[in-house]
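Novice: could you work out the structure for the sequence below:
(one chain, ligands or ions: 1)
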Amino acid sequence: MTVFSLKSGKTYTSPSLFVNPQTNDDVKALWAIDARNKLTNIDGIYVALSDYKQLSTKLGFSTKPLFTENRITVRDKIFFVDPSLDKLLGGTEEVKQKMFATGKFDRRIQKTMKDIKFSNLTTSEKSLRIMDEVYPRLQVRPLIEIQTNANADVIIAPCISLTSKTKMVERFTIAQQMLQDARILLETSSLKRYKEIKDLMNIVTFSRSIISDERNFHRIFDLLLCNNPNFVGIKIDRIVESDTIAQITLFKFFRQFYEYAKHKTGNKPPPIHFINVNELGYVGYCNAVSNIVCPIGHSPSYFFSRKKGGSTTTTPVEIDTSMKYYHPINMDYPKFKLQNPFPCACTDCKIRQSADYVPYKERPLHNRKHWLEVKDEEIREFRETPIRLDIALRDKFARANRTQLIAYLPTDPVLV
Ligand SMILES: [Zn+2]
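Specialist: Below you'll find the predicted structure:
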């Protein structure tokens, strides 16, 4: 267990979980669990810029509380607003529109991107046009100001995503320039006043094909460290946990990055966060993970199946007691089976007892409350585990029928 202090005065304990609310139900669930004082181990909130406008009021970040409570609430936890340029450059149309609606982007970008989208160019030609015509118009400063105005605890340096191998060297150069611009603004401009109270963090998005190629490792390491950041985060576009080869390379990446960063920084490597993953198993490799839609350990409901050929009225049922993982897409309406009691001991599952008692409309909220409470508990278990973290993780995965990752768990957790 390592405690990290932020310049803003807040701390987090590694292995740490930051949740990433994306919908109104996420926020409702957060406050509901928070009100029960059951959100004690989750260290903070990570919001992508595309969701910020929609969620900030509901999260209560823009309004000052009328009275201050004695206990720590969601509002007092560490707060990140990620400029998430990966979403502007590679997200769905809906997400792009939300990004433009922030008003923080050069108006010409929207038009250019529309032109490119409806042109007859090939995918790689489109990608090159975006590089030539959109990248130069991305401005670092407004994207930092939105974070400082939101009173985020750190400043995340805006950066393009590295998801294409075409002209890769040039793309890395542009990314590096943007990260360094953020540092320069913090050193020299009116943003200087934040230098002592806010940490600088780099969060860079890579495609699987770029990060799972070992030949790119050093280029990525140098990029992540290029502006002397206090924290580093990586996001991987469309990570697939069953892709074992990519996973092995990824774990190698974490190990080598740690060694490299130690060497480069005089034994003070910046803590590394792994953003939007769906496995807590990664806590053995990095200092913090984030997501709200990651499978929280298990789904609240058992799966029952009727035995084949049973014709009596009291047909025996088979109970599948293995943990069922959420898939992010199933977060709203996972397939609740008839008559299945919840095996879960979280507050909401205990009250509801069975999936049948949760009205269809309330299931998205129920699942999220369950998710938060269970995940909070899971993080606590990892922290307080009397045995080594890797053994705790192995145990967890083995019980969860999620064995494919066990083989790659480090015997010595790399950073924790
Ligand atoms: Zn539950």
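
Novice: quick one: the strands in the protein?
Specialist: 2-5, 11-14, 16-19, 44-48, 78-82, 154-157, 199-207, 231-237, 272-275, 288-290, 303-306, 317-320 (DSSP state E).

Novice: can I get the ones you listed in CSV including mean pLDDT, mean neighbour count and distance to the ion?
Specialist: In short, each C-beta sits where N, CA and C put it, glycine included. Converted to CSV, the strands of the chain look like this (pLDDT from 0 to 100; neighbours: other Cβ atoms under 10 Å; distance: least, Cβ to the ion, whole Å):
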stretch, mean pLDDT, mean neighbour count, distance to the ion
strand 2-5, 87, 12, 29
strand 11-14, 86, 18, 24
strand 16-19, 84, 26, 16
strand 44-48, 89, 25, 21
strand 78-82, 93, 25, 25
strand 154-157, 97, 27, 32
strand 199-207, 95, 23, 31
strand 231-237, 89, 22, 28
strand 272-275, 85, 22, 25
strand 288-290, 62, 26, 20
strand 303-306, 51, 12, 15
strand 317-320, 49, 13, 17
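
Novice: need the ones you listed in TSV (columns: distance to Phe251).
Specialist: Shown next, in TSV, are the strands of the chain (distance: least, Cβ to Cβ, whole Å):
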stretch	distance to Phe251
strand 2-5	20
strand 11-14	17
strand 16-19	19
strand 44-48	22
strand 78-82	24
strand 154-157	25
strand 199-207	15
strand 231-237	12
strand 272-275	11
strand 288-290	14
strand 303-306	31
strand 317-320	30
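
Novice: where do the helices sit along the stretch 101-250 of the chain?
Specialist: Taking DSSP state H, counting those that start in this stretch as the criterion, the stretch 101-250 of the chain contains helices spanning 107-117, 123-133, 140-149, 168-188, 208-211, 217-225, 244-264.

Novice: how far is the first one from where the chain is centred?
Specialist: By that I understand helix 107-117. Relative to the centre of its chain, helix 107-117 is centred 28 Å away, using Cα atoms, centre = their mean, to the nearest Å.

Novice: kindly report the same for the last one.
Specialist: Helix 244-264 sits 19 Å away from the centroid of its parent chain (Cα atoms, centre = their mean).

Novice: repeat for the shortest one
Specialist: Remark: helix 208-211 is offset 18 Å from the chain centroid, using Cα atoms, centre = their mean.

Novice: so for it, what gets flagged as buried?
Specialist: Residues of helix 208-211 classed as buried by neighbour count (16 or more other Cβ atoms under 10 Å): 208, 210-211.

Novice: how about the residues of the chain near the ion?
Specialist: 300, 344, 346, 349, 370 (Cβ under 5 Å from the ion).
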